[in-house]
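**Student:** Need coordinates for the following:
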Amino acid sequence: MSEPIIKLDNIKKNFGSVIALEGVSFDVNPGECHCLLGDNGAGKSTFIKTMSGVHPPSSGEIYFQGEKVTFNSPHDAISKGIATVYQDLGMIPLMSVSRNFFLGNEPTKGWPVKLFDHETANKITEDEMSKFQILLRSPEQAVGTLSGGERQTVAIARAVYFGAKVLILDEPTSALGVKQTANVLDTIDKMRTKGIAVVFITHNVRHAYSVGDRFTVLDRGKTIATANKNEVSPDKLQNLMAGGKELPSLED
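**Tutor:** Below you'll find the predicted structure:
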């Protein structure tokens, strides 16, 4: 397997006297899906916000493509090609799909007054969404009229179009139906084939195991285990998330 594109080594994060992360290490390779698992309060959100430049670590080191880096803001991470898709997706429901796709990076035309180039934006949006087998009724339709899975795909396609090398997905299948979840998991699989490194944050072992190559389990800010797919079963992952307590089999 290739060298990690991003590596976090012995990351610690304190918020005053509260220890949110205690020596967590994590890396992901190009074309790999590394799943970060844990129950509520495990430290997943704090860790991905550290990876994406929202929270500077209290101690520990971050390496990107083998070089030590410091992220002082999300812009620093984005400039390296680290894109994060949060649960709220960062979209404006009443705006069109194409306007949301280019939000903050709008193509323009005209001089001296520059106007939003609807034609170019619509064409690119349709083309990029079709790569994920999403055929829009119209790129002008409000993004809020799309299904949850389709909106997730818009957010992912947007990140990829703007050069993401590492894609961090925060609970992308949360509150989705079966078909929508399958579409999102299929999209994650396509990201791997494009050579993009995927960090999939979830508490759903079934979803993680269907697309993951490696799994790291957090509990109360500590790493419980890291394992390749051929080294661990879904039941074992579920039990690790429960702190070692034996739970009913996922097959039951």
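
**Student:** Let me know the pLDDT of residue 242.
**Tutor:** pLDDT recorded at residue 242 is 81.

**Student:** Please tell me how far residue 220 sits from residue 164.
**Tutor:** 30 Å (CB to CB, to the nearest Å). Where you see a C-beta, it was placed from the backbone N, CA and C, and this is true even at glycine.

**Student:** do residue 79 as well
**Tutor:** Look at residue 79 and residue 164: by CB to CB, they are 12 Å apart.

**Student:** and if you look at residue 123?
**Tutor:** 21 Å.

**Student:** the more surrounded of those two?
**Tutor:** Taking other CB atoms under 10 Å, residue 123 and residue 164 do not tie; residue 164 has more neighbours (23 against 14).

**Student:** wait, what's in contact with that one?
**Tutor:** When contacts are counted by CB atoms under 8 Å, 6 or more residues apart in numbering, residue 164 touches 81-83, 196.

**Student:** swap the cut-off to 7 Å and go again
**Tutor:** Under the criterion of CB atoms under 7 Å, 6 or more residues apart in numbering, the neighbours of residue 164 are 81, 83, 196.

**Student:** ok, now how distant is residue 140 from residue 103?
**Tutor:** 15 Å.

**Student:** cool, and residue 41?
**Tutor:** 32 Å.

**Student:** pLDDT weak spots in the protein?
**Tutor:** Scanning the chain for pLDDT under 70 picks out 1-2, 244-252.

**Student:** Give the residue farthest from the middle of it.
**Tutor:** Largest separation from the mean C-alpha position in the chain: residue 112, at 38.7 Å (CA atoms, centre = their mean).

**Student:** Surely it is within a strand?
**Tutor:** No - counting by DSSP: H, G, I helix; E, B strand; the rest coil, residue 112 falls outside a strand, being coil.

**Student:** For the chain, which segments count as strands?
**Tutor:** Here the chain has its strands, by DSSP state E, at 6-15, 18-28, 33-37, 59-64, 67-69, 82-85, 108-109, 115-116, 166-170, 197-202, 214-219, 222-228.

**Student:** what comes up buried for the fourth one?
**Tutor:** Within strand 59-64, the residues that qualify as buried are 60, 62-64, counting by 16 or more other CB atoms under 10 Å.

**Student:** who touches it?
**Tutor:** Outside strand 59-64, the residues that touch it by CB under 7 Å, 6+ apart are 6-12, 68-69, 71, 80.

**Student:** Can you name the two of those that sit furthest apart?
**Tutor:** Spanning the widest gap among the contacts of strand 59-64 are 12 and 80, at 21.8 Å by CB to CB.

**Student:** Throw the strands of the chain into TSV and include distance to residue 92, thanks.
**Tutor:** Supplementary listing: these in TSV, determined by distance: least, CB to CB, whole Å:
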stretch	distance to residue 92
strand 6-15	29
strand 18-28	30
strand 33-37	28
strand 59-64	31
strand 67-69	31
strand 82-85	15
strand 108-109	19
strand 115-116	14
strand 166-170	19
strand 197-202	24
strand 214-219	32
strand 222-228	37
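
**Student:** Which among those is found nearest to residue 155?
**Tutor:** Using CB to CB, the nearest of these to residue 155 is strand 82-85, at 4.6 Å.
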